[in-house]
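>>> sequence and computational prediction follow.
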Amino acid sequence: MISRLSLLPMLALCVLAAPAVAADDDKVPYWASIDADVANMRVGPGGSYKIDWVYRRLHLPVKIIRREGPWRQIEDPDGDKGWMRDLLLSRQRTAIVIGKELIEMHADGNDSSAMLWRLEPGVVGLLGECAEGWCTFDVDGHKGFVNEANLWGAGEP
């Protein structure tokens, strides 16, 4: 029969050997995107807080700046901040075209490659890899390369 005193060291070893929470999941800021057709942003981290904004833009990129339980404090492309449930968000990287002018989407990651399309400010697309100032960008199946400086949601958050 094992005595209770001999169980204490084994219990302590089990606690010390428990896996740590993945550090990457806790690091903020990070990029995310809205993953719902309708997503409410609240003034605080809870369902009882007032709704400040209602987003109706699937894949809109947001920056996660704080975590509190299942709630994420986000910043949108216009700089507005508030709280949103994690269930409404995805880690899928997206970006939005910024500026006031049309921008060019190219066949390759350089200005001398063929221009495929012109994109308006506010266009949202799936963001791929970025290298040497150019990012792969997919807007409803129209794929190409866009200068990283023209995208909000690219680069480090």
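Arrived safely.
>>> roughly how far does the most centrally placed residue in the chain sit from Q73?
Residue closest to the average C-alpha location in the chain (CA atoms, centre = their mean): A32, at 1.2 Å. As for A32, its distance to Q73 is 11 Å (criterion: CB to CB, to the nearest Å). Any C-beta I mention is one placed from the backbone N, CA and C, and that applies to glycine too.
>>> now do the same contact list for K143.
Going by CB atoms under 8 Å, 6 or more residues apart in numbering, K143 touches T136, F137.
>>> returning to that earlier point: which residues are common contacts for A32 and Q73?
Common contact partners of A32 and Q73 (CB under 8 Å, 6+ apart): I64.
>>> shaky segments in the protein?
Within the chain, the segments meeting pLDDT under 70 span 1-26.
>>> would you map out the domains in it?
Listed by automatic domain parsing, the domain ranges of the chain are 23-92, 95-152.
>>> ramachandran angles for the residue nearest to the centre of the chain?
Main-chain torsions, A32, degrees, to the nearest 10: phi -150, psi -180.
>>> tell me who's in contact with it.
P61, V62, K63, I64, R72, I74, L89, S90, R91, Q92.
>>> quick one: which of those is most hemmed in?
Counting neighbours by other CB atoms under 10 Å, V62 leads those with 30 neighbours.
>>> ok, now which ones touch that one?
W31, A32, S33, I34, I74, E75, D76, P77, M84, L89 are the contacts of V62 under CB under 8 Å, 6+ apart.
>>> how close does the second one sit to L88?
Which is A32. 10 Å.
>>> cool, and the first one?
With distances taken as CB to CB, W31 is found 15 Å from L88.
>>> for the fourth one, same thing?
I34 sits 6 Å away from L88 when distances are taken as CB to CB.
>>> more neighbours, those two?
Neighbour count, other CB under 10 Å: between I34 and L88, I34 has more, with 24 against 19.
>>> which residues in the chain form strands?
Using DSSP state E, the strands of the chain run over 30-34, 39-42, 51-55, 61-68, 71-75, 81-85, 89-90, 94-97, 103-106, 115-119, 124-131, 134-139, 142-147, 151-152.
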